[in-house]
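# Sequence first, predicted coordinates after that:
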Amino acid sequence: MADKIRLTTAQALIKFIQNQYINVDGEEFPFVKGVFSIYGHGNVLGIGEALEHYNERLDYFQGKNEQGMGFAAIAYAKQTLRQQIFAVSASAGPGSANLVHVAANAFTNNIPILILPADTFATRQPDPVLQQLEHQHDASLTTNDAFRAVSKFYDRVQRPEQLMSSLVRAFEVMTNPETAGPAVVAISQDVEGEAYDYEASFFEKRVHYIDRKIPTNREIEAALDAIKASKRPVIIAGGGTKYSQAGPELRNISEKYNIPIVETQAGKSVVTYDFPNALGGVGILGTSAANKIVSEADLIIGIGTRYNDFVTSSKTGFDWENQKFVNINVSRFQAYKLDAVTVVADAKVALQKLTEGLEGYQTAYEGEIQEYKAAWNEERERLHNIAFNRKDFDPEIKHHFGQGIMNDYADALGTEFTQTNAFITINDHVDDDAIVVGSAGSLPGDMQRLWNSTEENTFHLEYGYSSMGYEISGTLGVKLAAPNQEVYAMVGDGSFLMLHSELVTAIQENKKINILLFDNSGFGCINNLQMDNGSISAGTEFRTADNEIMNIDYAKIGEGYGLTTYKANTREELIQALEAAKKETNSTLIEMKVLPKTMTDGYESSWWNVGVAEVSKSENVTKAYKARVEKLEEDGREMY
């Protein structure tokens, strides 16, 4: 008779996840690094008890907000290139509901995370329990059914023995590069404490092998034919190149055959900017160099990208009549996009085979790559040195406000600092191996265009779901993954106000993080969007009921939490603050008051298709709608 171990469902869960290992290129290590949790009535007596008595090696962190701790877990997995994860546990009802946003973020970005929301009673005898929803038409529905739309794997465990098949399937999904994403295992709170005689073999060490998917000869031959027939191919490096660790292969094929490389937000820093053929970000938030080279290309080689609208400029960044596509992706679904020649394979392996097969090939580029890059570097330097002029401020970037309003902001915030000046100053003065983290607002545009990475995997931008509030929580997760590097949250005041609870966790656990807070007193990115499309500024500036511009002392807020804080409203003050923060062992916050409308704008084929009112009382909105229709007609093709 097989050996049995009598455990509660929650104890079996904790015992099982500690024995899950991953093997990548022959290197083996535990897959689950630890657990984030906020205890409540739905999990403290089950998973809480199990962690107290059955945890032998998992790191444990007490979160302060379920969404915040979930973002930290996502950032950890992303920074470790999906090779290690955290589990997150929350109580029933609102605690679990707060993790729905986390699951959606992980789903969009293909990041593995084990989400463990508590559920109502399986027996239904105490119903309705605290925080339980009651549906008259379906007694089985609970808050956790909301996870179904945002999970790569979902299950509800209502019997202890169900845990076994559920966990095995969850880990298969999370460790599969094609399906990686959130696995949600909801456990009824009474079942967490129920005991069962589990087979001992269930808890034996399991190794999940991440074998690199090999392309077929047919796929490689088709891709080689397409590349050899092209004269001006361009590589778009997406997140899949980073997770595949294909940086050396990208540099090799680019250098050998003179193929330029542009990058998505997720792919940035897989190749550093000092590589001669690296032209920076592409699309709506792209550099002039990257967008120009793409517009002139005859072949787009998309590697590990899902071609979201920011990458493709809402599909207007391509010349449909004269460009072809080759897509390399572990996901067949993604590889099929844009009627491409498909290579369903690991990026690193596919690039190795393509490099071998292209022997004797050369692109037709002469000096264009270097010319476009030099022109962009000059533009970047110009943006660095734009100064505010109270009489005639026209920086040729975002500037919808009249001079009077700009002067009002300068007076109210006590600053003449431009965002681009502050941003590039930071890039110039942090350590080469420093990691920057961002997510939402206007800063992702500046990050994608202006940040020049000098070491690989030091750029961490969550822009698949663009979750406001990810930045600070994500910075904690990145710090856990890279404890010996300085990590900086690039966050606007609007996003800071959304969520900064894990600052407390960082201080509590003595994990030094650095917050770089750009305060322009409003949701500047969305203000640009509304004014770009004919609307007035409404609901996006931070003003009082008396229409006064708000000036919040964020440094004082940080000080109240226990951070070491600085204020920097000039380049010189910012340099001093950055140097002082490097010497700190405590977490830091640098508050910068920056003028609105001083972020970067679009370059070359940078256009975003957004919904504009077809009819309006505003003549400006009507004009914006007409311009949108004309742009779509000019493009002339909708690519499925």
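Everything's here; your move.

# what residues are up against the residue nearest the centre of the chain?
Nearest to the geometric centre of the chain sits Glu462, at 1.3 Å (C-alpha atoms, centre = their mean). Applying C-beta atoms under 8 Å, 6 or more residues apart in numbering, we find Glu462 in contact with Ile74, Ala75, Lys78, Asn105, Asn109, Val437, Gly438, Ser439, Tyr470, Gly474. Placement of C-beta: from N, CA and C, glycine included.

# Can you tell me which of the residues you listed has the most neighbours?
Within the contacts of Glu462, Tyr470 tops the neighbour count with 34 neighbours, counted by other C-beta atoms under 10 Å.

# That one and Ala104 touch, don't they?
No. Tyr470 is beyond contact range of Ala104, at 11.8 Å (criterion: C-beta atoms under 8 Å).

# Around Thr272, count how many other residues there are.
Neighbours of Thr272 under the rule other C-beta under 10 Å: 18.

# Start and end of stretch 430-438, how far apart?
Using C-alpha to C-alpha, to the nearest Å, the end-to-end distance of stretch 430-438 comes out at 16 Å.

# Ok, stretch 32-50 next?
In terms of C-alpha to C-alpha, the two terminal residues of stretch 32-50 are separated by 16 Å.

# again with stretch 481-500
19 Å.

# What residues of it count as buried?
By neighbour count with 16 or more other C-beta atoms under 10 Å, stretch 481-500 contains the buried residues 481-482, 485-500.

# so what's Gly534 up against?
So Gly534 contacts Val612, Ser616, Ser618, Glu619, Asn620, Val621, Thr622, Lys623, Ala624, Tyr625 (C-beta under 8 Å, 6+ apart).

# repeat that with 10 Å
By C-beta atoms under 10 Å, 6 or more residues apart in numbering, the contact set of Gly534 is 612-613, 616, 618-627.

# pLDDT below threshold where in the stretch 1-150 of the chain?
Within the stretch 1-150 of the chain, the ranges that satisfy pLDDT under 70 run 1.

# how about the strands in it?
For the stretch 1-150 of the chain, the strands defined by DSSP state E, counting those that start in this stretch occupy 4-8, 20-24, 27-30, 32-37, 59-62, 85-90, 113-119.

# To Phe171, which of those lies closest?
Smallest distance to Phe171 across the strands of the stretch 1-150 of the chain (C-beta to C-beta): 5.6 Å, for strand 20-24.

# what does that closest one rub up against?
For strand 20-24, contacts defined as C-beta under 10 Å, 6+ apart pick out 28-32, 81-85, 112, 114, 167-168, 170-171, 174-175, 205-212, 245.

# Among those residues, name the buried ones.
30-32, 82-85, 112, 114, 167, 170-171, 174-175, 206, 208, 210, 212, 245.

# Now, those that are in helices?
Leu167, Ala170, Phe171, Met174 (DSSP state H).

# Just the pLDDT for the last one.
Listed pLDDT for Met174 reads 98.

# Leaving out chain neighbours, which residue sits closest to it?
Excluding its sequence neighbours, the residue lying closest to Met174 (C-beta to C-beta, 6 or more residues apart in numbering) is Pro112, at 3.8 Å.

# Also the third one?
When the adjacent residues along the chain are set aside, Phe171 lies closest to Gln20, with 5.6 Å between them (C-beta to C-beta, 6+ apart).

# who does the one you found bridge with?
Arg206 (DSSP bridges).

# Quick check: the residue nearest to the centre of the chain vs Leu167, distance?
From Glu462 over to Leu167 the distance is 27 Å, taken as C-beta to C-beta, to the nearest Å.

# before we move on, what about Lys152?
Distance, Lys152 to Leu167, using C-beta to C-beta: 14 Å.

# can you check Gln485 too?
Taken as C-beta to C-beta, the span from Gln485 to Leu167 is 33 Å.

# can you pull out the strands in the stretch 351-500 of the chain?
So, for the stretch 351-500 of the chain - with DSSP E, counting those that start in this stretch - the strands run 435-438, 459-461, 487-492.

# What pairs with the shortest one, parallel or antiparallel?
To tie it back to what came earlier, the one meant is strand 459-461. Paired with strand 459-461 in the same sheet, following DSSP bridges, are strand 435-438 (parallel).

# Distance from the partner strand to the middle of the chain?
A distance of 10 Å separates the centroid of the chain from that of strand 435-438, by C-alpha atoms, centre = their mean, to the nearest Å.

# Please apply the same query to stretch 371-384.
Counting by C-alpha atoms, centre = their mean, stretch 371-384 comes out at 26 Å from the chain centroid.

# what's the answer for stretch 587-598, then?
Distance of stretch 587-598 from the chain centroid (C-alpha atoms, centre = their mean) equals 21 Å.

# repeat for stretch 238-255
On the basis of C-alpha atoms, centre = their mean, stretch 238-255 sits 19 Å off its chain's mean C-alpha point.

# Got the domain ranges for the chain?
The chain breaks down by automatic domain parsing into domains covering 4-209, 217-375, 386-593, 613-640.

# Just list what the helix or strand of the chain with the lowest mean pLDDT packs against, helices and strands only.
Least confident helix or strand, the chain: helix 619-635 with a mean of 89, by mean pLDDT, DSSP states H and E. Contact analysis of helix 619-635 by 3 or more C-beta pairs under 10 Å, 6 or more residues apart in numbering; DSSP states H and E lists helix 524-532 as its packing neighbours.

# Name the spans of this protein whose pLDDT lies under the cut-off.
For the chain, the ranges with pLDDT under 70 are 1, 394-399, 636-640.

# Redo the strands of the stretch 351-500 of the chain as TSV? Include distance to Thr588.
As requested, these are exported to TSV (distance: least, C-beta to C-beta, whole Å):
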stretch	distance to Thr588
strand 435-438	14
strand 459-461	18
strand 487-492	9
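
# Can you get me a residue count around Trp608?
Neighbour count of Trp608, defined by other C-beta under 10 Å: 17.

# Could you tell me the end-to-end distance of stretch 167-183?
By C-alpha to C-alpha, the extent of stretch 167-183 from end to end equals 9 Å.

# Use 12 as the first number for this chain going forward.
New numbering, starting at 12: the last item is stretch 178-194.

# next one: that stretch to chain centre, how far?
Counting by C-alpha atoms, centre = their mean, stretch 178-194 comes out at 19 Å from the chain centroid.

# how close does Gly562 sit to Val179?
Not quite, residue 562 is Asn, not Gly. 55 Å.

# OK, contacts around the closest residue to His112 other than its chain neighbours?
Of all residues not flanking His112 in the chain, Gln78 sits nearest, at 5.5 Å (C-beta to C-beta, 6+ apart). For Gln78, the contact set (C-beta under 10 Å, 6+ apart) comprises 99, 101, 108-113, 116, 478, 480-481, 484, 509-510, 512-513.

# and the closest residue in space to Tyr481 that isn't next to it in sequence, what are its phi and psi?
Leaving aside its sequence neighbours, Tyr481 sits nearest to Ser450 (C-beta to C-beta, 6+ apart; 3.9 Å). Dihedral pair for Ser450: phi -160, psi -50, per degrees, to the nearest 10.

# Make sure I have this right: Thr316 is in a helix.
No. With DSSP: H, G, I helix; E, B strand; the rest coil as the criterion, Thr316 is located in coil rather than a helix.

# and it, how many neighbours?
Around Thr316 there are 26 residues (other C-beta under 10 Å).

# got it, and His64?
Neighbourhood size, His64 [other C-beta under 10 Å]: 9.

# wait, what's in contact with the closest residue to it other than its chain neighbours?
Closest residue in space to His64, ignoring its immediate chain neighbours: Gln22 at 7.5 Å, by C-beta to C-beta, 6+ apart. Counting by C-beta under 10 Å, 6+ apart, Gln22 touches 16, 57-58, 60-62, 64-66, 203-204, 206-207, 209.
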